[in-house]
Every structure is written in structure tokens, then in C-alpha cells.
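Asker: I'd like to go over a predicted model; first the sequence, then the structure.
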Amino acid sequence: MENVNGTTQKQALVIFSGGQDSTTCLIQAIQKYGAANTVALSFSYGQRHGIELERAAWIAKDLGVEHHILDAQVMGKVTTNALMDESQTIKEADAEDYPNTFVDGRNALFLLLAGIFAKSKGIRTIILGVCETDFSGYPDCRDVFVKSMNVTLNLAMDYNFNVETPLMYLTKAQTWELADQLGCLAYIEEHTHTCYMGVPGGCGECPSCKLRNAGLTEYLNK
């Protein structure tokens, strides 16, 4: 995108679920790049908490950013898990395995599609709200994975992407603190959706709700 002087404006693409983490990243990007230079990209992959896409659309519109939802339903053709299959009971991780809400290859696919989309728009910065501090045992939320995908995208498309992960080393309490510093803590608390069960306002019992609520309580009581 060029401004009135003909110089190039830096843009950012935020992989956006409508949850606490990605909304924090989106607001941070808007403050850094401006709403006109920030694009939000969401994915419909058969998640049982489809309400997050409704929240994503509402938040993007409210914040005045361009928003796209891509169809990634192919995930349901190649894998099964409790996040996409309502017949399965959501369970937390044990010492020997990943939580059954882990979706094999999800972030790899999201980053690949985001990279293709970003290049088509001349965007080089891709922002992803994952972290390996409070990452629920998901291997594709680790820094080493994101860095490897960054290299892979650059090589695959001969294009210099910069995949940023602002929350990578933050606890959930620190993510709430960041939201507060950005002036959006109340906004994040009221408007985002994190619950795996798709309950508006959160069920309070699923692993995602517990992590979110414990982090907020820890931050407010510090």
C-alpha cells in the first residue's frame, strides 16, 4: 500500500481467531501499523466452537480492519480430534500424550495459507498469537516450529516473510497485562471468545477457559 507521498506503508497480516491471544495481537498491530494497514485472517476448519468466527467478524468490523475467513474444512477429511468432533469429550493433556484438542498440522496449514494470502497482497509481516509458555502442550505453538515455518515459507515462495509471535514467551497472566498496557483489557475480556465448548462467555470448565480465567485472576491479584 502506498501513501499520498508514494512511499510504501508497512502492512501486517494477523492470523485471527477472535480469542484473547489473537485479539491482543490484532490490537497491538493496529496501534503499530494503523487499522488501514492491518488485515485479519480467520479460518473455518470445522471447529466445534464456531462462535469464535462470529466474534472474529464482529471484532474486526468494530476495530475497522479488513477481515477474511478462509475455508479450511479439508482438515476434517484428514484428521479427527475433540476440537472438531462434538462426540468426543474434551480432555486435558496427560504426562504421556498431547491434549485431545490438538489438531495435527493446524498451525502449519494456517501459516501456509496465510503466507500465500499475504504475498498476494504484498504483505511480508505475519503475526501469530501462539506461545510456548502456556501452550497446552501443542507442539505447533513452539518457537522452533514457527521459526522453521518462517524459513519454509521464504524458501517455498522466494519471498521474505517475517512471522512474528508477540506472545511467545508470555504467561497467560502476562498476556492479560499486555492487554492492559495496550488499553484494551476490558475489551478483550468482554468481546473475545476462547471456550472450546462454544459457550458464550465461556463454560468455565474446559482447559481453555481454565487457562484464560486463571491468568486473569493471577494478573488482577498481583
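Answerer: Structure received. Numbers count the residues shown, from 1 in each chain.
Asker: the strands in the chain, which residues?
Answerer: Taking DSSP state E, the strands of the chain run over residues 12-15, 38-44, 66-71, 125-127, 162-164.
Asker: which residues touch the worst-scoring helix or strand of the chain on mean pLDDT?
Answerer: Within the chain, no helix or strand scores below helix 75-78, which has a mean of 90 by mean pLDDT, DSSP states H and E. Helix 75-78 is contacted from outside by 45-46, 84, 103, 105-106, 109, using Cβ atoms under 8 Å, 6 or more residues apart in numbering. Using the backbone N, CA and C atoms, a C-beta is placed for each residue, glycine as well.
Asker: Need the winner for burial among the strands of the chain.
Answerer: Most buried of these, by mean neighbour count (mean count of other Cβ atoms under 10 Å): strand 12-15, with a mean of 26.
Asker: Centre of the chain to it, how far?
Answerer: Taking Cα atoms, centre = their mean, to the nearest Å, the mean C-alpha location of strand 12-15 is offset from the chain mean by 9 Å.
Asker: List the residues that contact A35.
Answerer: Residues near A35 by Cβ under 8 Å, 6+ apart: 63-65.
Asker: Below-threshold pLDDT in this structure: ranges please.
Answerer: Scanning the chain for pLDDT under 70 picks out 1-9, 93-96, 134-136.
Asker: if you set the cut-off to 50 instead, what comes out?
Answerer: Scanning the chain for pLDDT under 50 picks out 1-7.
Asker: Distance check, the closest residue to E164 other than its chain neighbours against L109.
Answerer: If the residues on either side of it in the chain are set aside, E164 comes closest to I127, at 4.9 Å by Cβ to Cβ, 6 or more residues apart in numbering. Separation of I127 from L109 (Cβ to Cβ, to the nearest Å) stands at 17 Å.
Asker: Over to C203?
Answerer: Spatial separation of C203 from L109 under the definition Cβ to Cβ is 27 Å.
Asker: and if you look at K32?
Answerer: 26 Å.
Asker: For the strands of the chain, give me TSV that also has distance to V199.
Answerer: Below are the strands of the chain laid out as TSV (distance: least, Cβ to Cβ, whole Å):
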stretch	distance to V199
strand 12-15	23
strand 38-44	19
strand 66-71	21
strand 125-127	27
strand 162-164	31
